[in-house]
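1. Take this sequence and fold it.
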Amino acid sequence: MLKKRIGLIIILLCCVFMVSCNAKDSTTLKTEDLNLRITELENELYELQTKVDVYELLDKNFANVSNKTLEFFRAMRSCDKTTLLSMLSSNFTLEDINGNIYIKYSSLDEPDSEWLLCSKSETLKDMVLQGYEYNDLENSFIVHTRLFYLDENGEPTITPIFMTLFFETISWQIKYLYFDV
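-> A predicted model of the protein is given here:
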């Protein structure tokens, strides 16, 4: 009978030991889950704060960027080569061919790109800002515009042209631009 009681006590002690081990494992797992969740929330908070910072930067610089865009538009409309050159980074060159001003740009991505800025046969009538964003990787503001032209008869051309400008934040010069139809 004593052997049975000793066996029963040993079995009870083993059960208590196993239950306490499981409780520690459960607590450890809960702590690890909570620490993981805290890390996820901290990362999410950082991402949201970064977005808030970008929105504040956009809000703060909207007037400057829109005025620079308008200045470039007016220089295009009047074919003011001096103002255009002052607003463009050194990546660009302007060439006057038969009264039309072409902008030339060369990069690793787009070697020898060329676009017509001012035309004798078409008049730049109006511009609409389509969108505005900040690129933190390149530290630049990107402005999407739509340009409306009139032909030599004063009639609107069929399709507007979309122009995207990339302004450097330090010099406020245009470091890249492209056109799309």
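
2. alpha carbons only for contacts and neighbour counts from here, please
-> Fine.

3. which non-adjacent residue is nearest the spatially most central residue of the chain?
-> By Cα atoms, centre = their mean, the chain has its centre lying nearest to residue 135, at 3.6 Å. Leaving aside its sequence neighbours, residue 135 sits nearest to residue 141 (Cα to Cα, 6 or more residues apart in numbering; 6.1 Å).

4. Any idea how many residues pack against the one you found?
-> Neighbour count for residue 141, taken as other Cα atoms under 10 Å: 22.

5. residues making contact with the helix or strand hosting it?
-> Element membership of residue 141 [criterion: DSSP states H and E] is strand 140-150. With contact meaning Cα atoms under 8 Å, 6 or more residues apart in numbering, strand 140-150 is reached by 65, 69, 122-135, 156-157, 159-169.

6. For PyMOL, what selects the buried ones among those residues?
-> Restricted to buried positions by 16 or more other Cα atoms under 10 Å, the PyMOL selection for the contacts of strand 140-150 reads:
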select buried, resi 65+69+122+123+124+127+129+132+133+134+156+160+162+163+164+165+166+167+168
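
7. buried stuff in stretch 49-56?
-> Residues of stretch 49-56 classed as buried: residue 54 (neighbour count, 16+ other Cα under 10 Å).

8. what does stretch 80-100 give?
-> Under the neighbour-count criterion of 16+ other Cα under 10 Å, stretch 80-100 has 81, 84-85, 87-89, 92, 94 buried.

9. what's the closest of the residues you listed to residue 152?
-> residue 81 (21.5 Å; Cα to Cα).

10. now that we're looking at the residue nearest to residue 135, how far away is residue 106 from it?
-> Distance, residue 141 to residue 106, by Cα to Cα, to the nearest Å: 20 Å.

11. quick one on the thing from earlier: what's the distance between the strand holding residue 141 and the middle of its chain?
-> When C-alpha coordinates are averaged (Cα atoms, centre = their mean, to the nearest Å), strand 140-150 and its chain have centres 16 Å apart.

12. State the mean pLDDT of that strand.
-> Per-residue pLDDT over strand 140-150 has a mean of 91.

13. And the helices in this protein?
-> Under the criterion DSSP state H, helices of the chain are mapped to 2-78, 81-87.

14. Show me where the protein dips below the pLDDT cut-off.
-> 1-9, 12-29, 107-111, 158 (pLDDT under 70).

15. longest strand of it?
-> Assignment by DSSP state E gives strand 123-135 as the longest strand of the chain.

16. neighbouring strands for that one, and are they parallel or not?
-> Here strand 123-135 is paired, per DSSP bridges, with strand 140-150 (antiparallel).
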